[in-house]
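Chemist: When you get a sec, could you give me coordinates for this:
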Amino acid sequence: MNSIVAKEAITSYAVNDLILKRWSPRSFSPAPVSQSQLDTIITAASWAPSSANEQPWRYITALKQNEKGFSALFNCLLPGNAVWVKNAAAIILCYTKLTYTKGGKNNVNAFHDAGMANQNLLLQAVSMQIYGHPMEGFDKAKTVHDFKLSSDFQPVCMIALGYLGEAENLEEPNKTRELTPRDRKALTEFATNLVE
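Modeler: Below you'll find the model as predicted:
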């Protein structure tokens with residue numbers, strides 16, 4: 001069984017194909033992603049909704065062919081992610097602005113809004129047959145230091161991007177993870193319908 005078959009989402013209700021196809025692979029092919037493709041993917045992120053249209057998300061990106069930039073982001077990853085991200089075509093750092101530009105008040109929606117932007121990014125990538133894997137497993141203090149983020153900004157996640165590779169190219173336990181079918185909680189576990 002290949003990863004495309006294993007990861008195909010099965011739902012009780014008809015859901016948009018891009019959502020069904022989106023998943024977080026660890027095996028990437030050597031095929032490059034172009035700067036134009038990466039710019040398209042980041043543009044999709046920019047059209048996410050945000051509180052007061054603040055658009056607090058920020059991105060630092062590097063294609064693999066830009067060895068210096070790729071290494072700068074790659075060197076912030078924890079070892080468990082670095083072992084497979086080394087084959088990705090691009091790495092993205094998402095960080096977010098913690099205060100509103102107007103008035104300087106705390107933006108309690110900053111992480112939510114960055115998440116919305118990241119979902120746009122991931123779905124745009126899938127529409128181009130490029131897959132993304134968001135990661136929490138990176139050294140946030142090193143990231144803040146290396147990229148000179150001021151105290152008004154905080155890292156959210158890193159995202160590996162690329163075309164799908166073969167699961168057999170991964171070592172365990174990542175090979176098994178790549179081929180394990182996805183599942184989700186039942187609607188009754190997280191959604192409540194008010195009927196009166």
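Chemist: end to end, how far does stretch 184-196 reach?
Modeler: With CA to CA, to the nearest Å as the measure, stretch 184-196 spans 28 Å from end to end.
Chemist: And the contacts of it?
Modeler: Taking CB atoms under 8 Å, 6 or more residues apart in numbering as the criterion, the residues outside stretch 184-196 that touch it are 9, 12. (C-beta placed from N, C-alpha, C; glycine too.)
Chemist: Provide the secondary structure category for Gly80.
Modeler: helix (DSSP: H, G, I helix; E, B strand; the rest coil).
Chemist: Could you give me the buried positions within stretch 113-120?
Modeler: Neighbour counts over stretch 113-120 (16 or more other CB atoms under 10 Å) mark 113-120 as buried.
Chemist: any idea which residue sits dead centre in this structure?
Modeler: Centroid-nearest residue in the chain: Pro134, 3.2 Å away (criterion: CA atoms, centre = their mean).
Chemist: Three-state assignment for that one, please.
Modeler: Three-state assignment for Pro134 (three-state DSSP): strand.
Chemist: so it touches Cys157, yeah?
Modeler: Yes - distance between Pro134 and Cys157: 4.7 Å, which falls inside the contact criterion (CB atoms under 8 Å).
Chemist: shared neighbours, these two?
Modeler: A shared contact of Pro134 and Cys157, defined by CB under 8 Å, 6+ apart, is any residue touching both; here these are Asn118.
Chemist: What ranges does the protein have for its strands?
Modeler: Listed in chain order, the strands found in the chain under DSSP state E are 57-63, 90-97, 131-135, 153-162.
Chemist: Need those strands in TSV (columns: distance to Ala141 and mean pLDDT).
Modeler: Below are the strands of the chain laid out as TSV (distance: least, CB to CB, whole Å; pLDDT from 0 to 100):
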stretch	distance to Ala141	mean pLDDT
strand 57-63	16	98
strand 90-97	13	98
strand 131-135	16	98
strand 153-162	9	98
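Chemist: Switch the ones you listed over to CSV; also include distance to Leu170.
Modeler: Formatted as CSV, the strands of the chain follow (distance: least, CB to CB, whole Å):
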stretch, distance to Leu170
strand 57-63, 22
strand 90-97, 18
strand 131-135, 12
strand 153-162, 13
